[in-house]
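Chemist: What follows is a predicted protein model with its sequence.
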Amino acid sequence: MKTVSVLIPTYNELENVEPLSQAIIAEFAKLPQYNYTITFIDNNSKDGTRDKLRELCGNNKKIRAILNAKNFGQNNSPYYGITHVGGDCVILMFADFQDPVSMIPKMLEKWEQGYRIVCAIKTTSKENKVMRFVRTCYYKLITKLSEVEQIEHFTGFGLYDASFVRVLSNLHDPTPFLRGIVAEFGSKRVDLPYEQQLRRAGKSKYNFFSLYDVAMLSFTSYTKIGLRLATFVGIGVAFISIIIATVYLVYKLLFWNMFSTGMAPIVIGMFFLGAVQLIFLGLTGEYILSMNKRVMNRPLVIEEERINFEEKNNEI
């Protein structure tokens, strides 16, 4: 009997973990041909989620938990969990009920057809329309700029065969961007459309800075345009500056007494060049920061506790 591992990252999801586990158990009751485990990987929640997870694990041995020592971010924790839950395949879904549990049978059906990766694509969404528009623009932009195919409106919700999980384990990337890695290395992949639901309870843990981190990680990992744009803009600004300087010189020589240049062009030029330099210094810094994290090669996650794990099944 094949074993399906369902992985659920959590951070302050006290109101959702129990209903979600019950919904997943009910879904697998319709799929008796599969053995399954439900693993919560908690990013150091502060609202009592950990106590609830311990209670759930105590009542059902199929429910397991990895409790992180600290909050290691929205990218590291799910990636680490995928490589440590075991099973013939891993289904990653999030704890807010925006990822429909009803998608599990559809994913398993595609998996049985021979696909090694099933990407759930939110073709429609009940989220804020402005956020939906912003996300769409971002995906379109990163797709055009990236040398690697990017998967639009893919959040990581999907199924990953054990063979692909081994690929993830062997990458040893200290700053993994799962969506980009799936697009770059995933073979035998199929996309499965779904409608993203509203959050069942609680508030989204994503804010401007966390979304910015994700955007910059994908930008610096899969595009070169930032550094090349700095070069091209620098050349363009220098060329325009030479033309303007030449025009001013000619006018001054032809109309020496009538043409007064004043300080305004100098001040405007200084501010313009300073702004361009600061923008590209910041962009270059993002690339250096990304490289620095990879060079340090720090661990993805440090665990504090595991519950209901058997040592022989800890990793794929």
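Modeler: Nice, thanks for sending it over. Residues are numbered from 1 along each chain as shown.

Chemist: immediately after the lowest-mean-pLDDT helix or strand in the chain, which helix or strand?
Modeler: Counting by mean pLDDT, DSSP states H and E, the weakest-scoring helix or strand in the chain turns out to be helix 208-222, with a mean of 64. As assigned by DSSP states H and E, the chain's next helix or strand after helix 208-222 is helix 225-254.

Chemist: What's the end-to-end length of stretch 156-167?
Modeler: From its first residue to its last, stretch 156-167 covers 16 Å (CA to CA, to the nearest Å).

Chemist: tell me the pLDDT at the closest residue to E195 other than its chain neighbours?
Modeler: Closest residue to E195 apart from its sequence neighbours, by CB to CB, 6 or more residues apart in numbering: T124 at 4.5 Å. Placement of C-beta: from N, CA and C, glycine included. The score at T124 is 77. That number is its pLDDT.

Chemist: T124 is in what secondary structure piece?
Modeler: Using DSSP H and E, the element containing T124 is strand 117-125.

Chemist: which residue ranges form the strands in the protein?
Modeler: 2-10, 34-42, 63-68, 89-92, 117-125, 154-161, 189-196, 303-307 (DSSP state E).

Chemist: highest average neighbour count across these?
Modeler: strand 89-92 (a mean of 25; mean count of other CB atoms under 10 Å).

Chemist: Partner strands of it and their direction?
Modeler: Applying DSSP bridges to the sheet, strand 89-92 is found paired with strand 2-10 (parallel), strand 154-161 (antiparallel).

Chemist: Now it: average pLDDT?
Modeler: Throughout strand 89-92, pLDDT has a mean value of 96.

Chemist: Can I get that strand as PDB, trimmed to CA atoms?
Modeler: Provided in PDB are the C-alpha atoms of strand 89-92 (Å, rounded to 0.1, in the frame of the first residue of the first chain):
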ATOM      1  CA  CYS A  89       4.700  11.200  -2.300                       C
ATOM      2  CA  VAL A  90       4.200  14.400  -0.400                       C
ATOM      3  CA  ILE A  91       1.200  16.700  -0.700                       C
ATOM      4  CA  LEU A  92       2.100  20.300   0.500                       C
END
